[in-house]
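Participant: any chance you could fold what I've pasted below:
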Amino acid sequence: MKSHARAVVIGGGVVGASVLYHLTRIGWTDVVLLEKHELTSGSSWHAAANVHTYNSDANVSRLQKYTIDLYREIERISGQSCGIHATGNLVLAADQTVMDNIRMMASRARYLGLEVEMLTPKQAKELNPLIDERCFIGALRRHDGGHVDPNGVTQAYVIAARTAGAEVHRFTRVLELHPRQDGSWRIVTDKGDIVAEHVVNAAGLWAREVGRMAGIELPVLAMEHMYIVTDEVPEVAAHSRELLPTTDYSGEIYLRQEGKGVLMGTYERDCRVWSPDTTPWDFAMELLPDDVERLSPHLAIGFEHFPPIGRAGIKRVVNGPFTFAPDGNPLVGPVRGLRNYWCACGVMAGFAQGGGVGLALSQWMANGDPGSDIFAMDVARFGAFATPRYTNTKVQENYKRRFRMAFPNEELPAARPLRRTPVYDRLKSAGAVFGASFALEVPLWYAPAGVEPVEAPSYGRSNAFPFVKAECLAIRNAVGLMEISGFGKYEIAGPDAEVWLDRMLAGRLPRVGRVALTPMLNERGRIIGDFSVARLAADRFLMIGSAVAEVYHMRWFEQHAPPLGTAIRPLSHALTGFMIAGPRSRELLARLVREDISNEAFRFFSVGEMAVGMVPATVIRASYTGDLGYEIWVTPDYQVTLYETLVKAGRDLGLAHAGSRALMSLRLEKAYGAFLREFRPDYTPMESGLSRFVAYDKPDFIGRTAALEDRASPPTRKLVPLIVDTDVEVVGYESIIKDGAAVGQVTSGGYAHWADRSMALGYVRAELARDGETFSIDIFGKERPAVIQTSPLFDPNGGRQRG
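Facilitator: You can find the predicted model right below:
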């Protein structure tokens, strides 16, 4: 084994092998893979290895498509068969809810260029004769995908990487990791030491242990997972072609052909965590004792929906551990606070996602950017809240629900409430129905007295619809009170605060006492942040952004750290707040402050530190509702007092509580975008409309060169607001259709209650991005008319907001 390498990948499963191959593909040939036992000896060897292209996140779908297409390439390079069964697959619907879900899949697939078709149960049975068509009402055929050979795929990656110069050392266990002053790592193994510029944790079942070697606790946990393999099934043996791998969401069953029998598995609700604290180092090429009784309820449904399987004998039961993150998506990318330590773990669907993970991570390591927005897989989507017990609880919840429908308005209950602001109990008493954002309890809407504070999950308009409408109208007609503690908040202070922040952000910084909106770009000129920046003093700023991106943004800030004496610190635990908004919000605030807050004295986008009642606060005149409004920020010890003060003073003004659902409705009426929806690393300022906030004449900011190139070239797509003629709202990622072709994709939407219109925001081809242009949007299989509305539906001239 060599003593130095540019990168060392720890873990010889399919993900580690993919990362190794992709590093060589970008030109990093001085790379080494270390595996404590044989390749695939953790989870990869016993995987069912089904592959498909669909994921609820569009970019993850693209990476899964890339993975499937890659297998032919690595077969050619390596000469090793991947055992590709390119059958495509089926998704079956036994009820209307699942039918809506697969229609949504079909809509999203149109823009992504994935070949799918809706089928009747009879048509589905022609592709899989095991189906009892009486149990189903429809199906979706996906032409991409099928299944592969786990060992063949892994070996193909490794052979291709070795051909390019990589080294692979089996039966070499990593014992310790030690960071070095220059950012490299000393890796201690049972075969000697090796120093690497970069280290990749692709350790699968041992990802926690390799994380602990670097002083971190990764939110990943292994679950037992079982499937059965049957004896020969006559209907399979007699079928003229291979069965399409089939998923039955209603039965929570997946199956595919295995020889002349069937492999059938489920994500059982009576699940079991495996090795909850530490993974045994001597575990290799092993299965766990079968416990088929736990599968009985699901197998019974499977035997009903697929009767020939019930008539076949069970040849064997496979029970092996797989790792999961709390939300079921992988953990990929650099870890905040650790130089050159990278994650590629928690990849439960390794054979569907492993190629995409390798591609994104290799680009990230070489270029500082994964090439597209992969926040859904980014390790930075979890914060300090993701403790081992939290992970244990959420992983089990996710495992049990893996084949259950996920509704856009659904909030999952496990591990809650965890993070709460001091006013939580007061808001709950006021009828708040909470959701969790970055594990913080956030009011979604308020149930009036006598109404149960529960929302039924739905793809349509839920029971909360009329109450959210009332909150929106209260804000537009009088004044509303919203807790906004969930936003990301940062303080930047020190003698070099202005110089540093001016380079980090693409926009122009405000004067003291003023606020500015500004995007943050990466080196490719893509949007990685969208902030409000308030200047409290010459050397002190308050910056407000996305709640869920706090670790993501702090990682970026620390990678471009300010000079000594100047610091940035997150304020998620140190600052809480409320927004008051509506035509009477100034009247309410004026009752509580001594300062002159008239429009002449405290203009739109002003900021000041003042006492609100008895409470010391930072007050910003701005509101995401698009109305007259104020953000009031206080330390947590004052939040309850501030709440009581505002409620008492606003009682005769018609003050109403409002939640985030109302906020997201009202922002649509102004066509305001949101980070990780409209504004994300896939888009540029010119495409998104944020170019008006970019100070192109600044001499230096990150991404300036790319931003100037972006401005000089006409964009190929643009963000537009659309009014949609529909009785059910968009969810996100639906295809926008023109003349029968997908010309764009929805990013978000909902019902604009004050305007009484259903709306969507989305990107369409630039030549079509003009006021009045008509389209249709494929919403649950029905093409709904949509028209671009460039002028905001509320306060188009900004008179209310600025007056």
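Participant: quick check: longest helix in the protein by residues?
Facilitator: helix 58-78 (DSSP state H).
Participant: how about that helix: buried residues?
Facilitator: 58-68, 70-71, 74-75, 77-78 (16 or more other C-beta atoms under 10 Å). No exception for glycine: its C-beta is placed from N, CA and C like everyone else's.
Participant: same question, stretch 20-28
Facilitator: Result for stretch 20-28 [16+ other C-beta under 10 Å]: buried residues 20, 21, 22, 23, 24, 25, 28.
Participant: of those, closest to residue 742?
Facilitator: Among the buried residues of stretch 20-28, residue 22 lies closest to residue 742 (C-beta to C-beta), at 29.3 Å.
Participant: so the closest one belongs to a strand, correct?
Facilitator: No - counting by DSSP: H, G, I helix; E, B strand; the rest coil, residue 22 is located in no strand; its state is helix.
Participant: quick check: it touching residue 358?
Facilitator: Yes - between residue 22 and residue 358 a contact is recorded at 3.8 Å, counting by C-beta atoms under 8 Å.
Participant: any idea which element the nearest residue to residue 612 once chain neighbours are set aside lies in?
Facilitator: Nearest non-adjacent residue to residue 612, counting by C-beta to C-beta, 6 or more residues apart in numbering: residue 592, 4.9 Å away. Remark: residue 592 resides in no helix or strand, with elements defined by DSSP states H and E.
Participant: name whatever forms a beta bridge with residue 51.
Facilitator: residue 146 (DSSP bridges).
Participant: phi, psi for the residue sitting nearest the centre point of the chain please.
Facilitator: Residue closest to the mean C-alpha point of the chain, counted by C-alpha atoms, centre = their mean, is residue 376 at 3.0 Å. Note on residue 376: backbone dihedrals following degrees, to the nearest 10 are phi -60, psi -20.
Participant: roughly how far does it sit from residue 303?
Facilitator: 35 Å (C-beta to C-beta, to the nearest Å).
Participant: cool, and residue 799?
Facilitator: With C-beta to C-beta as the criterion, residue 799 and residue 303 are 66 Å apart.
Participant: give the contact list for residue 616.
Facilitator: Each residue near residue 616 by C-beta atoms under 8 Å, 6 or more residues apart in numbering is listed here: 609, 634, 638.
Participant: what helix or strand does it sit in?
Facilitator: Take DSSP H and E as the rule and residue 616 turns out to sit in strand 615-620.
Participant: that strand: how far from the chain's middle?
Facilitator: Distance, stretch centre to chain centre, for strand 615-620: 33 Å (C-alpha atoms, centre = their mean, to the nearest Å).
Participant: show me which residues of it are buried.
Facilitator: For strand 615-620, using 16+ other C-beta under 10 Å, the buried residues are 615, 617, 618, 619, 620.
Participant: save those as TSV, and put in distance to residue 224 too.
Facilitator: Below are the buried residues of strand 615-620 laid out as TSV (distance: C-beta to C-beta, whole Å):
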residue	distance to residue 224
615	52
617	52
618	51
619	54
620	51
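Participant: tally of neighbours for residue 153?
Facilitator: As a burial measure, residue 153 scores 32 neighbours (other C-beta atoms under 10 Å).
Participant: sorry, slip of the keys, the one I care about is residue 591.
Facilitator: Residue 591 has 15 nearby residues by other C-beta under 10 Å.
Participant: about what we covered before: now render the buried residues of strand 615-620 as CSV, adding pLDDT.
Facilitator: CSV is the format used below for these (pLDDT from 0 to 100):
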residue, pLDDT
615, 98
617, 98
618, 98
619, 98
620, 98
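Participant: start to end distance for stretch 454-463?
Facilitator: One end of stretch 454-463 to the other measures 9 Å (C-alpha to C-alpha, to the nearest Å).
Participant: can you give me how far it is from the chain middle?
Facilitator: 22 Å.
Participant: hmm, who's touching it?
Facilitator: By C-beta under 8 Å, 6+ apart, the residues outside stretch 454-463 that reach it are 97, 100-101, 104, 405, 407-411, 433, 444-445, 447, 464, 727-729, 731, 751, 780.
Participant: got a PyMOL select line for the buried ones in these?
Facilitator: To isolate the buried members of these in PyMOL, using 16+ other C-beta under 10 Å:
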select buried, resi 97+100+101+104+407+409+410+411+433+444+445+447+464+728+729+731+751+780
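Participant: next one: stretch 758-778 to chain centre, how far?
Facilitator: Worked out by C-alpha atoms, centre = their mean, stretch 758-778 lies 24 Å from the chain centre.
Participant: picking that back up, farthest pair in the buried residues of stretch 20-28?
Facilitator: Farthest pair in the buried residues of stretch 20-28 (C-beta to C-beta) is 21 and 28. Separation: 10.8 Å.
Participant: check the secondary structure at residue 271 for me.
Facilitator: Recorded secondary structure, residue 271: coil (three-state DSSP).
Participant: rewinding a little: between residue 799 and residue 303, which one's more packed in?
Facilitator: Between residue 799 and residue 303, counted using other C-beta under 10 Å, the more crowded position is residue 303 (18 against 9).
Participant: what bits of the protein have low per-residue confidence?
Facilitator: Residues of the chain meeting the criterion pLDDT under 70: none.
Participant: relative to residue 418, how far out is residue 438?
Facilitator: 10 Å.
Participant: so what sits against both of the two?
Facilitator: Going by C-beta under 8 Å, 6+ apart, residues that sit against residue 438 and also against residue 418 are residue 385.
Participant: more neighbours: the two, which one.
Facilitator: Set residue 438 next to residue 418 and count neighbours by other C-beta under 10 Å: residue 438 wins out with 20 against 17.
Participant: pretty sure that one contacts residue 547?
Facilitator: Yes - the pair residue 438 / residue 547 is scored as a contact, 5.1 Å apart, by C-beta under 8 Å.
Participant: overlap in contacts of those two?
Facilitator: 486, 572.
Participant: wait, a helix at residue 489?
Facilitator: No - if the criterion is three-state DSSP, then residue 489 is strand and not within a helix.
Participant: and the gap between the closest residue to it other than its chain neighbours and residue 559?
Facilitator: Of all residues beyond its chain neighbours, the one nearest residue 489 is residue 571 (4.0 Å), with distances taken as C-beta to C-beta, 6+ apart. From residue 571 over to residue 559 the distance is 20 Å, taken as C-beta to C-beta.
Participant: residue 137 reaches residue 97, doesn't it?
Facilitator: No - using C-beta under 8 Å, residue 137 is not in contact with residue 97, being 10.7 Å away.
Participant: which residues do those two both contact?
Facilitator: In terms of C-beta under 8 Å, 6+ apart, residue 137 and residue 97 are not both contacted by any residue.
Participant: can I get stretch 203-212 in CSV, CA atoms only?
Facilitator: Output of stretch 203-212 as CSV, limited to C-alpha atoms (Å, rounded to 0.1, in the frame of the first residue of the first chain):
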residue,chain,number,x,y,z
ALA,A,203,-18.4,2.9,4.8
GLY,A,204,-22.0,1.9,4.7
LEU,A,205,-22.9,-0.1,7.8
TRP,A,206,-19.8,1.3,9.4
ALA,A,207,-20.4,5.0,8.4
ARG,A,208,-21.1,5.9,12.0
GLU,A,209,-17.9,4.4,13.2
VAL,A,210,-15.8,6.1,10.5
GLY,A,211,-17.6,9.4,11.4
ARG,A,212,-16.7,8.9,15.0
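Participant: distance between that stretch and the chain's centre?
Facilitator: Remark: stretch 203-212 is offset 22 Å from the chain centroid, using C-alpha atoms, centre = their mean.
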